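kindly return the folded structure for what I paste below:
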Amino acid sequence: MNFKNIVYAFASLSFAVVIGAAIYEHIAVVPRWSAAPPLSLSMFQGKYGLNPTPFWMAIHPVTLLLLGAAIILFWKTGGRPYLLVTSVGYVVILLITFAFFVPELIAITGSAMSGEANVSLTKRAGLWETLSLVRLSVLVVLSIILFLGLSRVQA
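Okay, the predicted model is just below:
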């Protein structure tokens, strides 16, 4: 295995980490906070509240850097289309994430605590969760494309 293949493998691994973290959040975290906001938002409140931001702010640039390096290294190979489709799709997903998902998540999770659920906020949280699952599904398809390219990367 040469350096180029290692870069492609690490790009694939980093992309898989993004998906794994998103799946974890959708199984363990999102159902809790979206159940009855603002009542269900206590996990984000206080001095020791959950803060996933440092993870997401670190993993996305690393993944983009690795995908970019792999595109450069495999530009003249059969792996290029797989890397390009995945990378362009990922950038589009990130743009949508920063334009909609992050601001909406901050608005919902930053709501003042209350002793009862807010119907409007609960509906917003439900819509956010549904759209986020669609986003996750697109990422899974992109990862399949990326992994299929591993067999086409002849150096």
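
from now on I want contacts and neighbour counts done on CA atoms only, so please keep to that.
Noted.

spit out the contact partners of the residue in the chain sticking out farthest from the centre.
Distance from the centre of the chain peaks at Gly115, with 31.4 Å (Cα atoms, centre = their mean). When contacts are counted by Cα atoms under 8 Å, 6 or more residues apart in numbering, Gly115 touches Leu39.

how many other residues sit next to Leu127?
By the criterion of other Cα atoms under 10 Å, Leu127 has 13 neighbours.

please identify which helix or strand holds it.
Under the criterion of DSSP states H and E, Leu127 resides in helix 119-149.

chain center to that helix: distance?
Distance of helix 119-149 from its chain centroid, counting by Cα atoms, centre = their mean, to the nearest Å, is 8 Å.

do the same with stretch 36-52
20 Å.

also stretch 105-119?
23 Å.

mind listing what's buried in it?
Ile108, Thr109, Ala117 (16 or more other Cα atoms under 10 Å).

surely the second one touches Leu41?
Yes - counting by Cα atoms under 8 Å, Leu41 is a contact partner of Thr109 at 6.1 Å.

what touches both of these two?
Contact with both Thr109 and Leu41 is made by residues Trp33, according to Cα under 8 Å, 6+ apart.

got the buried residues for the helix holding Leu127?
For helix 119-149, the neighbour count (16+ other Cα under 10 Å) marks 121-122, 124-126, 128-129, 132, 135-136, 139-140, 142-143, 145-147, 149 as buried.
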